[in-house]
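Trainee: Dropping the sequence and predicted coords here.
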Amino acid sequence: MPELPEVEVTRRSFANAITGARIEAVVMGKSLRWPLGCDPQLLVGQQVVGVRRRGKYLLLDMEQGLLLLHLGMSGSLRFAADMPEAGPHDHFDLVTHRGTLRLHDPRRFGAVVYATSEDSPVAAKLLGGLGMEPLSEEFLLPTFQAGLKKSRMPIKQLLLAGRLVVGVGNIYASEVLFLSGIRPTTVASRIGAARVHKLHQAIRSVLARAVEMGGSTLRDFSNADGMAGHFQTAANVYGRDGQPCHACGTAIELIRQGQRSTYFCRQCQRP
C-alpha cells in the first residue's frame with residue numbers, strides 16, 4: 001500500500017510538469033472507491049495551479065475547486081506526453097495540453113474526488129481527521145508527547161492510525177520504533193520523555209530518507225515517471241524476520257498486530 005513517502009515521491013515526479021497545464025479532457029474508466037462528484041466537463045478548460053499533499057492524499061488545485069487523489073492499495077499515477085491506450089486497470093485520465101495524468105489501479109480502492117474547496121464537506125470528510133504532517137514545522141514535540149500520553153493503544157497501532165501523526169505506515173512504523181529502541185507492543189502512554197524525543201526524531205529522519213530513496217517498492221509501486229523505490233533495501237528490521245539484527249546480532253522477530261506484520265529486535269527494543 002503506498003504510504004506518505006510513496007505519495008510524496010509521486011507528487012514530486014509530476015507536480016512541476018502539470019502545474020500551469022490546461023485540462024483538455026477527462027476520461028473515466030471503471031468506477032473507483034468513491035464517485036468523482038461532478039460532471040467531468042466541469043474540469044475541462046480549467047488550469048492546474050499546483051499539486052499538494054495532505055497525508056496520503058494528493059490535492060490538485062485548479063482555478064475552481066480541487067481534485068483529491070488517493071492511490072488506495074495498489075494504485076499508481078503516470079504522467080506522460082504520449083500516453084498509450086488505456087488498459088483494463090486504467091480508470092482515470094486527466095488529459096492536459098502538456099500530457100496525460102493517468103491513475104492505474106488493479107484493485108480499484110483508489111479514488112479521484114472533486115471538491116469545491118478544501119473547506120467543503122466533501123474535502124473535510126476525507127482530510128478532517130488527519131494528524132500532524134511529520135515533515136512539516138507543525139510536527140511539534142510537545143504536541144506529539146501530549147498525544148502519546150493520552151493513548152492506551154500499543155504504540156505501533158497508534159502510529160498506523162494516523163490521527164496523531166500521518167504517514168507512518170507499516171514499513172516505516174517498524175523502522176522508527178527500532179531506531180527509537182521501543183517495543184512495538186508498548187502502550188503509548190508508558191513511553192518516557194527521552195524515548196519520545198528519539199521517536200519524534202526517528203519519524204522525521206526515516207520518512208525523509210524514504211522520500212530521498214524514492215519510497216519503498218515491495219510489489220509494483222513506481223512514481224509518475226515509472227521509477228521504483230529503494231528504501232526497502234536499507235530496512236533495519238522490516239521483512240528481515242529470522243535474520244540477525246544489524247546492531248546486536250539477535251534474530252529479528254515477526255508478530256502480528258491488528259492483522260499487520262510487525263518486525264522488531266527483542267534485544268534492542270524494550271517495552
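Mentor: Yep, it's here.

Trainee: Just give me how far the longest helix that the chain contains sits from the chain centre.
Mentor: Of all the elements of type helix in the chain, the one with the most residues (DSSP state H) is helix 193-212. Put simply, helix 193-212 sits 16 Å off its chain's centre (Cα atoms, centre = their mean, to the nearest Å).

Trainee: Next: stretch 262-271.
Mentor: Counting by Cα atoms, centre = their mean, stretch 262-271 comes out at 25 Å from the chain centroid.

Trainee: what comes into contact with that stretch?
Mentor: 156, 173-174, 177-178, 180-186, 190, 237-241, 245, 247-248, 250, 252-256 (Cβ atoms under 8 Å, 6 or more residues apart in numbering). C-beta here means a position set from N, CA and C on the backbone, and glycine is covered the same way.

Trainee: could you pull out the helices for the chain?
Mentor: 4-18, 121-127, 141-149, 155-161, 170-180, 193-212.

Trainee: Show me what the second one is in contact with.
Mentor: I take that to be helix 121-127. Judged by Cβ under 8 Å, 6+ apart, the contacts made with helix 121-127 from elsewhere in the structure are 37, 54-55, 57, 66, 68, 70, 113-118.

Trainee: And the residues you listed, which is closest to R260?
Mentor: For these, the residue nearest R260 by Cβ to Cβ is G55; the value is 17.9 Å.

Trainee: What is the neighbour count of P142?
Mentor: Here the number of neighbours of P142 (other Cβ atoms under 10 Å) works out to 9.

Trainee: How about V51, nearest residue that isn't a chain neighbour?
Mentor: Excluding the flanking residues, the one nearest V51 by Cβ to Cβ, 6 or more residues apart in numbering is A15, at 3.9 Å.

Trainee: No more questions from me, cheers.
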